[in-house]
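# I'll drop the sequence and a predicted model, then ask my questions.
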Amino acid sequence: MLIEFEFIERARHGDEGAFNQVIQAYRKRILGTIGRLIGKPEDVEDVGQEVFLRLYDSLGQLRAPEVFEPWLYRLTVNAAYDYLRRQKRRRESRMSDLSEEQVVMADASAGIKQSGEEVQRSKVREMVQSLLESVSEEDRILLLLKEVEGLSLKELEEVYKVNENALKVRLFRARQRVLKAFAAREGTGSGVR
Amino acid sequence: MDHMEKRLDALWAEYREACPDPEPSAQFTPRLWQRIESSRNTRASSLLFRRWAEVWLVATVALAIVMSAFLIPRFQNQPAYLASYIDVLAAADSAADSAVLPASDTK
């Protein structure tokens, strides 16, 4: 926990000062998680604000301060889903407006500004994003929460409200799919290194 | 495949490092409070509208009950047809007779 239960308890009862403390304590972590889930740094703050807005509206329904973090992750996951769904619709309509040449040029101009270490990081990000395309949006978020955010199965159980075995099965299948895509990519020599 | 599993695990860790937690902008918290405030105002006005709607609904139902309490017994005490069909015919007949006879005959 990044904050004492007392602050959460007070925020639950409408103390705005305590809620502000909760924001200060969790905003960086939540923005980081959102960034990794949605892969769009420019939209991270908007989605982050949506998460805290939903938290403000629903904090009164929290059973106990002990389950605060899974609750916050649940709100984060839902906001990320909503964002990805909106983006998917927007991308479909936007990409149909652009010619293939325009898309290639836009990608190239974005690449010019990068250099050195950032190029390597960007390659890693692209690689992971493309590997995650081999699974559904739901499984992509689940995998990221487990493998990148480091949430335990117990915590994921709280976030998703499903039993551990069902989660294990979903995680195993998703990981196998990603592994297969990774092996295929490495086989074709288009890996990070 | 075991080798690939290890490489995939390493890739997750690299991804974690390639996407560090960003520092929130100075405007993050003030903008968030603005959004909270505006959503609270929207909720307050929709609550007010709901209250008004509820008040009007209750008033309408109460008025309907009061009107029924006054009007239903009145209708029940004043039935539309007090006389029988024969009585009505007889009354109409006698009225017609008196209208037809000349004034001298009635003496």
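Here it is on my side, so go on. Numbers count the residues shown, from 1 in each chain, chains lettered A, B, ... in the order given.
# Give me the pLDDT for the most centrally placed residue in chain B.
Centroid check for chain B by C-alpha atoms, centre = their mean gives B:L57 as the closest residue, at 6.5 Å. On pLDDT, B:L57 comes in at 96.
# After the helix or strand it falls within, which helix or strand is next?
Using DSSP states H and E, B:L57 sits in helix B:28-77. Downstream of helix B:28-77, the next assigned helix or strand under DSSP H and E is helix B:85-100.
# What is the distance between that next one and the centre of its chain?
54 Å (C-alpha atoms, centre = their mean, to the nearest Å).
# Give the rounded mean pLDDT of that helix.
Rounded mean pLDDT across helix B:85-100 is 76.
# what separates B:L71 from A:E133, distance-wise?
72 Å (C-beta to C-beta, to the nearest Å). C-beta coordinates here come from the backbone N, C-alpha and C atoms, glycine included.
# what do you get for A:L75?
Taking C-beta to C-beta, one finds A:L75 at 25 Å from A:E133.
# Ok, B:L48 next?
Applying C-beta to C-beta, the value for B:L48 to A:E133 is 48 Å.
# Next: B:T60.
For B:T60 relative to A:E133 (C-beta to C-beta), the value is 57 Å.
# where do the helices sit along chain A?
Secondary structure of chain A (DSSP state H): helices located at A:5-12, A:16-38, A:44-58, A:68-97, A:100-112, A:117-132, A:137-143, A:153-160, A:164-187.
# which one of those helices lies closest to chain B?
Chain B lies closest to helix A:16-38 among those, at 3.0 Å (C-beta to the nearest C-beta).
# can you give me how far that closest one is from the chain middle?
With C-alpha atoms, centre = their mean, you get 13 Å for helix A:16-38.
# next one: stretch A:136-153
Centroid displacement of stretch A:136-153 relative to its chain, using C-alpha atoms, centre = their mean, is 8 Å.
# and A:D107, what pLDDT?
53.
# actually B:I72, not the one I wrote
Confidence score, pLDDT, at B:I72: 84.
# B:K107 now?
Per-residue pLDDT puts B:K107 at 46.
# do A:R193 as well
So, for A:R193, pLDDT stands at 50.
# The closest residue to chain A within chain B: neighbour count?
Scanning chain B for the residue nearest chain A gives B:D21, at 3.0 Å (criterion: C-beta to the nearest C-beta). Applying other C-beta atoms under 10 Å in any protein chain shown, we find 17 residues neighbouring B:D21.
# Thank you kindly, that will do.
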